[in-house]
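**Q** Got a sequence here, can you model it:
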Amino acid sequence: MLASLHDLTEEVEAARRPFTGPLHLGVIPTVAPYLLPAVLRLARRSYPELDLHVHEERTPSLLEGLAAGRLDLLLLALPAGGAAPTRDIPLFDEDFVLITPPDHELAGRTDVPRDVLLDLDVLLLEEGHCLRDQALDICREVGADPSGGSTRAAGLSTLVQLVAGGLGVTLLPATALDVEAGRADRLASVHFAAPAPGRRIGLATRPGSARSEEYERFAASLREVLGELPVRIVT
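**A** Predicted coordinates:
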């Protein structure tokens, strides 16, 4: 019933001029600190009449909010997944980078194969983060299993501090590298040989949304401003 009510409200909003009225945007924590500055600048400059509300939540909560009508649009890793169907709009692909202490034997290299993960203590985010699942998949592809350790972090900032403290290494998405690795001088980056492991980031909304055309135009504008980041734009 709530979803039906929201669909009706959305149709009314869509009948007005585009990019006006409220828009509830959900963003995952491993994207929000690195992409939101560009998103908010775009909204202020190009859509001044848009009443943007930002909700930073983990993927399962975002998908529940979208299905229930609490959220309109999600910015997250694709495919979005979840029990309810979504309409996914890809924005870009980005590589993962290995973060190590500066005295690590791999520090600064740009051509390491993925199987180096077999011999490393890879630190992970706590359960509930899609980035944790992505890191586990990358490790398991080469036969590594870092899930047996007890060290966990609630966010990427804590994760890189654990690396700086000598507790292991971790995987960061390229868009987070400058912000997070810049927080400590006891970190080094390691780039994988091509094809590097990575993830796809995009928008997700409900299928058949009355604002679908508006969201497509928003995605096109986002691709333009996000092209300045270390990503590969997907059209």
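**Q** Going along the chain, name the helices of the protein.
**A** Using DSSP state H, the helices of the chain run over residues 2-15, 32-46, 59-68, 130-141, 156-164, 174-181, 212-226.
**Q** show me where pLDDT drops low in the chain?
**A** Low-confidence segments of the chain (pLDDT under 70): 1-18, 147-150, 183-184.
**Q** The lengthiest strand in the chain: which residues count as buried?
**A** Secondary structure of the chain per DSSP state E: the longest strand is strand 87-100. Buried positions in strand 87-100, judged by neighbour count with 16 or more other C-beta atoms under 10 Å: 88-100. Placement of C-beta: from N, CA and C, glycine included.
**Q** and which of those is nearest to residue 118?
**A** Among these, residue 98 lies closest to residue 118 (C-beta to C-beta), at 12.9 Å.
**Q** Would you format the helices of the chain as TSV with distance to residue 189 and mean neighbour count included?
**A** Shown next, in TSV, are those (distance: least, C-beta to C-beta, whole Å; neighbours: other C-beta atoms under 10 Å):
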stretch	distance to residue 189	mean neighbour count
helix 2-15	43	13
helix 32-46	15	16
helix 59-68	26	19
helix 130-141	16	18
helix 156-164	11	20
helix 174-181	6	20
helix 212-226	21	17
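**Q** Quick check, central residue of this protein?
**A** Centroid-nearest residue in the chain, with C-alpha atoms, centre = their mean: residue 31, separated by 3.7 Å.
**Q** wait, what's in contact with that residue?
**A** 75-77, 175, 201 (C-beta atoms under 8 Å, 6 or more residues apart in numbering).
**Q** Kindly recompute the last result at 10 Å.
**A** For residue 31, the contact set (C-beta atoms under 10 Å, 6 or more residues apart in numbering) comprises 39, 56, 74-77, 130-131, 173, 175-176, 199, 201.
**Q** Fine by me, thanks again.
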